[in-house]
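1. Any chance you can model this:
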Amino acid sequence: MLHDMLDFIRDPRNDFAAHSLAYLKLCAVPILISVVVGICAGVVVTRRPLLAFVVTNLSGLARAIPTLAFLAAALPYLGIGFTPSVVALTLLGIPPILLNTIAGLRGVDPAIVDAARGMGMTSRQVLTRVQTPLVLPVITAGIRTSAVQIVATAPLAALIGGGGFGDYILQGINLLRTTPLLVGSVSVALLALAVELGLAAVQRALTPAGLREGVPLTDAQTA
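-> Next comes the predicted model:
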C-alpha cells in the first residue's frame, strides 16, 4: 500500500506538488485572517462587558454549527472555488481565537492593570506592555485550536471547488479507489500534526517557566 501511495505521489498526472501548494494556501489564508480578526475583535469587545458576554455566547453557538453548513451558506453568495472556501474556513477559525482572547484579557489581575495606570501608562501601553505578554499563551492556545481545526476541516472545501488534498479524497470516494483516498487523508493528518506540534512548541515558549509544569493551556471553552 505504501508503494502504491508513493507511486501515486510521483505520478505527474496527479500533480501532487500543485495540490500541496493549493492546500497550504487554502489553510494559511483563513488562519491568518482568523488570527487578525479574532484578536482585534477580542481586544475591542473585552472593554465592554455586555458586548463581551454577547459575543462570547454567539461564538460558542457558532462552534456548534456543522462545517458543511458554513460551506453551504457561502455557496449561494460567493459561488464555488477558493474565495467561498476561505470565507467558510475563516468563520470556523475565528471563535476559538476570539474566545481565548476575551478570556485571557478578562483574566488579567485588575491590580496589575491599576498599577500600570498608576505608573502613568496609557491604555495602549497597558495593553501592549502589560496585558499582551500575560495573555499570549492563552491566545496562542486559541490559535492552535483554530489552526488545527481549519487544517483538518479544509478537505471539505473540495465540495465547493476549494481544491487541495480534498480532491484526492473525493476522487477516492467517487471512484472507489483506496490509493488517492489514503494519500489525501494521510497528507491532511500529517499537516495537522505538524501544525499542532509547531504551535504547541510556540505556546510552551510563550508560557512563563513557573507555569509550564502545570495544566497545559487549552481552548478557553474547556480550560
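2. Buried residues, the strand or helix carrying Ile39. List them.
-> Using DSSP states H and E, Ile39 falls within helix 16-46. For helix 16-46, burial by neighbour count (16 or more other Cβ atoms under 10 Å) applies to 16, 19, 22-23, 26-27, 29-31, 33-35, 37-39, 41-43, 45-46. Heads up, the C-betas are built off the backbone N, CA and C, glycines and all.
3. which other helices and strands contact that helix?
-> Other helices and strands packing on helix 16-46, by 3 or more Cβ pairs under 8 Å, 6 or more residues apart in numbering; DSSP states H and E, are helix 2-10, helix 49-62, helix 82-106, helix 132-153, helix 165-174, helix 178-206.
4. How about the fourth one, which residues are buried there?
-> The neighbour-count criterion (16+ other Cβ under 10 Å) identifies 132, 134-153 as the buried residues of helix 132-153.
5. where does the closest residue to Ile9 other than its chain neighbours land on pLDDT?
-> Of all residues not flanking Ile9 in the chain, Phe16 sits nearest, at 4.6 Å (Cβ to Cβ, 6 or more residues apart in numbering). On pLDDT, Phe16 comes in at 95.
6. any idea how far the nearest residue to Ser185 once chain neighbours are set aside lies from Leu91?
-> Counting by Cβ to Cβ, 6+ apart, Ile169 is the residue found nearest to Ser185 once chain neighbours are left out, at 6.2 Å. Distance, Ile169 to Leu91, by Cβ to Cβ, to the nearest Å: 22 Å.
7. One more: Leu206?
-> 26 Å.
8. So which of the two has more stuff around it?
-> Between Leu206 and Leu91, counted using other Cβ atoms under 10 Å, Leu91 has the larger neighbour count: 21 against 16.
9. pretty sure that one is touching Leu71, no?
-> No. With contacts counted by Cβ atoms under 8 Å, Leu91 stays clear of Leu71, the gap being 9.8 Å.
10. show me the contacts for the residue nearest to Ser185.
-> By Cβ atoms under 8 Å, 6 or more residues apart in numbering, the contact set of Ile169 is 155, 158, 180-181, 184-185, 188.
11. Also Arg10?
-> Contact analysis of Arg10 by Cβ under 8 Å, 6+ apart lists Phe16.
12. okay, now Val183: neighbour count?
-> Look at Val183: counted by other Cβ under 10 Å, it has 24 neighbours.
13. before we move on, the earlier item: can you select the buried ones from the contacts of Ile169 in ChimeraX?
-> Under the burial definition 16+ other Cβ under 10 Å, those of the contacts of Ile169 that qualify are selected in ChimeraX by:
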select :155,158,180,181,184,188
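14. Make CSV from the contacts of Ile169 and add pLDDT and distance to Asp4 to it.
-> Shown next, in CSV, are these (pLDDT from 0 to 100; distance: Cβ to Cβ, whole Å):
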residue, pLDDT, distance to Asp4
Pro155, 94, 20
Ala158, 92, 21
Pro180, 94, 10
Leu181, 94, 11
Gly184, 95, 14
Ser185, 95, 14
Val188, 96, 18
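15. which other helices and strands contact the lowest-mean-pLDDT helix or strand in the chain?
-> When the helices and strands of the chain are scored by mean pLDDT, DSSP states H and E, helix 67-78 comes last with a mean of 80. Counting contacts by 3+ Cβ pairs under 8 Å, 6+ apart, helix 67-78 is packed against helix 82-106.
16. from the chain's centre, how far out does the helix it packs on sit?
-> Using Cα atoms, centre = their mean, to the nearest Å, the distance from the centre of helix 82-106 to the centre of the chain it belongs to is 7 Å.
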